[in-house]
Structures are given as structure tokens and as C-alpha cells.
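Asks: predicted model, plus sequence, below.
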Amino acid sequence: MSKNTGEKRAERPRVLTGDTPTGRLHLGHWVGSLENRVRLQEEYECYFLLANMHAFTTRAEQPQEIRRDTIEIVKDWLAAGIDPERSCVVLQTETPAIAEMTWYFAMLLGYGRLMRNPTIKTEIDVKGLGDQYSFGFLMYAVGQIADILAFRPAYVPVGEDQIPHIEMTREIARRFNQLYCGVDPHAEDADAVKAGGVFPIPEGMVGRIARLIGTDGKNKMSKSLNNTIMLSDDEKTVQKKVNKIFTGRQSPTEPGDTGNALFQYVEAFIRDDEMAAELKRRYAAGDNIGDGEVKQEVGRAINELLAPMREKRKQFEGPGGDDVIIDVIREGTKRANTVAEETLRLAKEAMGLGFFERELGIG
Ligand code: TRP
């Protein structure tokens, strides 16, 4: 990285987002957020966080799998177009300012407020945690506030389900600024830093399709529901999975419902607007068009999207591939720590904790 690019980077507003490594990425991740991230690299200084500490909150007994998933997800990111020359891939467990800030933010967040967070409630429900979840599981939501604020970003591109976390982050940023930086409670969010706050009030940014339906034609695409198309699936697998999308339509001459699951895929993946409109018109009219024909076009469009990703992924699949990835993580994390440590220093100074300086080293 030349010094020049480094200086240029510093002028751009920041973007931070992350994924908990739970396995390879699928099309739902692509349309919900990943596609946005690739685009945002053009204009923003981007930080993409590997939330591997969060993976331990529900899978503490599977450290080796978490390690594997952490490396695999970076392969998906790079294959999809995340450019490590421009953006930082950040390892949460080697960015200690995040863990430290989690403590301070935990003091600013009421327990009742956290338990009313609908994403936390849903996760407890969906993962069947009952009342068996660890203390650390609840901590992850506070940790996510620290993930974000450590980078003082302008935007946080996420899936729709993460918006309650962004909302909580905004509340804590405001509270911190008011409590420790003397920011007027009536100050506009956009003026937070100008008014003396350490933290800007970041905005969430949801992708063009907030909730991609799975190949079961019913539920949101999700690994645990076995209804995914993976970014790393091969061509045949993609077409086979597309062919399974259930619509319930009986015949090519029956007027079809263009709001059905299959047409969500047409909308999401067929970028040729004319073709999409024509398919839609014929389907709605029952103009001799079977689901099979639509599925062929959808499969082809998805494969067109994924072909370059598959090609790129090959680079990291041979021997030594993991080492390349670990280098990318090390370099990104090094740069990220400069920002996160600076944020922590500013926050601690505001809190009257600026006793003396410290420096951090990554080998
Ligand atoms: N909780 C997020 C998810 O499950 C992942 C995540 C961790 C994240 N830290 C973040 C997302 C910070 C945005 C910003 O998808």
C-alpha cells in the first residue's frame, strides 16, 4: 500500500459492516448487503469485519469450525469483489479496542432495552435457546455497537434483520456524546461531531432486496432452512436448485401470479429489464409460458452473476490459499487497529480515562 493511497483513503467517509462467520455465503447475502459493499468501495473507506468473537456466543465448543468459517467467508468476500487493496478485512479478535469499548457501552445500555431488541428476541426463538443462552450471547449485541462505533462510520450496510442493532447503536452514540462530550441533546444527528461528539450517528443501509425468499418458495433464504443457493455453487447445482422453486402453478396457459417466489428471482437476478418485463407479461397472461422456461432464464442469469466469483475463488482454493487469506486479514486488521485505537483514545479522553498513551503492535 503506497503512502499516497493511504492519504487518499483518509479523506473518504467510512463504512463499516460485518458478518458472523457461520459458513459460506449465499444469494440472500449478496442482494441483501454484499452487492452494496462491493459498490461502496468506490466512494468510501470500507471496513469489513469478521465477527468471529460473536460466533463463539453460540458455538463456543466448535473453535476449529469457527476458524474454518472465518477463512471461508473471506474467500467469498474476495471472490464477490471485495478489494483488499482498497478496503480492510478486519479480524474482530485482534482488534482489542472493540472488546474494551464493549465494556463502556454496556454501562450505557439498559438490560430491559436490550431484551426488547426484536432481533435478539427472534434469535433466542429461532435458535431454540430458551433460557439457556449464555451471558456472552447477550453481550454480542453490545459488542456489535462497539464493532460499529470503533470505526466512527457514516454508513452501515446490513440486512434488514440488523436494523434494530443499528438503532441501538445510534442511541448509544447519542448518549455517549451527550454524557461525556457535552453535546446538546437537541443537536441534530448529522451535527454530532461538529457539536463536539466523539461519535457520528451512523445510518443503516439495506440492500435492494431486503429479504430474498429461499428455493422452498416460502421462507427467507437461510442456511438452517436448507433453501439456499450458495455463491460457490457450481452451474449445475444452481440450475437444479432454481428448478425446485415451488410456485403451485399448473399449466403454461394458466395466468400466473407474478408476485410469486419465482418472479422474485426474476426481479432480483434478470438484469435485462426488457426480458424481465416480457417474461412477466407472458406469465401473467398465461401466454404459453411454463415455469420451466422462466427457471431456465433465472438459472442462466444467476450463473452469469456467479461465474466470475467461482473463477476468482479458485485462486484461494489450492494449497497455500489459506495463507493468502490470512495475509489479507493481517494487513486489513493492522490498518483497522490504527482507526479503532484512535477512537478508543478519544472516547477514553472524553471519559476522563486519558491517563497515558499506549501503542499496539501486530506482527
Ligand atoms: N450480527 C451481524 C449478523 O449476524 C454481524 C455483525 C457483527 C455486524 N458485527 C457487525 C454487522 C457490525 C454490521 C456491523 O449479520
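Replies: Thanks, I have the structure now.
Asks: CA only for contacts and neighbour counts going forward, please
Replies: Will do.
Asks: and the strands in the chain?
Replies: 14-19, 45-50, 88-91, 155-158, 203-206 (DSSP state E).
Asks: can I get those in JSON lines with distance to Ile270 and mean neighbour count?
Replies: What follows is the strands of the chain, written out as JSON lines (distance: least, C-alpha to C-alpha, whole Å; neighbours: other C-alpha atoms under 10 Å):
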{"stretch": "strand 14-19", "distance to Ile270": "26", "mean neighbour count": "23"}
{"stretch": "strand 45-50", "distance to Ile270": "28", "mean neighbour count": "25"}
{"stretch": "strand 88-91", "distance to Ile270": "30", "mean neighbour count": "26"}
{"stretch": "strand 155-158", "distance to Ile270": "23", "mean neighbour count": "24"}
{"stretch": "strand 203-206", "distance to Ile270": "20", "mean neighbour count": "20"}
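Asks: relative to the ligand, which of the ones you listed is closest?
Replies: strand 14-19 (4.0 Å; C-alpha to the nearest ligand atom).
Asks: mind putting the strands of the chain in JSON lines, mean pLDDT and distance to Lys334 included?
Replies: Converted to JSON lines, the strands of the chain look like this (pLDDT from 0 to 100; distance: least, C-alpha to C-alpha, whole Å):
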{"stretch": "strand 14-19", "mean pLDDT": "96", "distance to Lys334": "16"}
{"stretch": "strand 45-50", "mean pLDDT": "98", "distance to Lys334": "12"}
{"stretch": "strand 88-91", "mean pLDDT": "98", "distance to Lys334": "8"}
{"stretch": "strand 155-158", "mean pLDDT": "94", "distance to Lys334": "21"}
{"stretch": "strand 203-206", "mean pLDDT": "94", "distance to Lys334": "25"}
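Asks: now render those as TSV, adding distance to Met221.
Replies: Below are these laid out as TSV (distance: least, C-alpha to C-alpha, whole Å):
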stretch	distance to Met221
strand 14-19	16
strand 45-50	21
strand 88-91	25
strand 155-158	15
strand 203-206	16
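Asks: reformat those strands as JSON lines; add distance to the ligand.
Replies: Putting the strands of the chain into JSON lines (distance: least, C-alpha to the nearest ligand atom, whole Å) gives the following:
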{"stretch": "strand 14-19", "distance to the ligand": "4"}
{"stretch": "strand 45-50", "distance to the ligand": "7"}
{"stretch": "strand 88-91", "distance to the ligand": "11"}
{"stretch": "strand 155-158", "distance to the ligand": "6"}
{"stretch": "strand 203-206", "distance to the ligand": "9"}
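Asks: among those strands, which is nearest Glu357?
Replies: strand 88-91 (23.2 Å; C-alpha to C-alpha).
Asks: the closest one pairs with which strands, and in what direction?
Replies: The strands that strand 88-91 pairs with in its sheet are strand 45-50 (parallel) (by DSSP bridges).
Asks: just the C-alphas of the strand it pairs with, formatted as CSV.
Replies: Listed next in CSV are the C-alpha coordinates belonging to strand 45-50 (Å, rounded to 0.1, in the frame of the first residue of the first chain):
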residue,chain,number,x,y,z
GLU,A,45,-13.2,3.9,3.1
CYS,A,46,-14.6,0.5,3.9
TYR,A,47,-14.1,-1.9,6.8
PHE,A,48,-15.4,-5.4,6.6
LEU,A,49,-15.4,-7.1,10.0
LEU,A,50,-15.1,-10.8,10.7
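Asks: tell me how far it lies from the chain's centre.
Replies: 10 Å (C-alpha atoms, centre = their mean, to the nearest Å).
Asks: excluding its own residues, what touches that strand? List them.
Replies: With C-alpha atoms under 8 Å, 6 or more residues apart in numbering as the test, strand 45-50 has contacts from 9-10, 12-21, 40, 70, 86-92, 147, 336.
Asks: 6 Å - rerun?
Replies: Contacts with strand 45-50, where a contact means C-alpha atoms under 6 Å, 6 or more residues apart in numbering, come from 9, 12, 14-19, 87-92.
Asks: the ligand contacts on the chain?
Replies: When proximity is defined as C-alpha under 6 Å from any ligand atom, the chain approaches the ligand at 17-20, 51, 144, 147-148, 158.
Asks: kindly list the longest helix within this protein.
Replies: Across the chain, the helix with the greatest residue count (assigned by DSSP state H) is helix 321-350.
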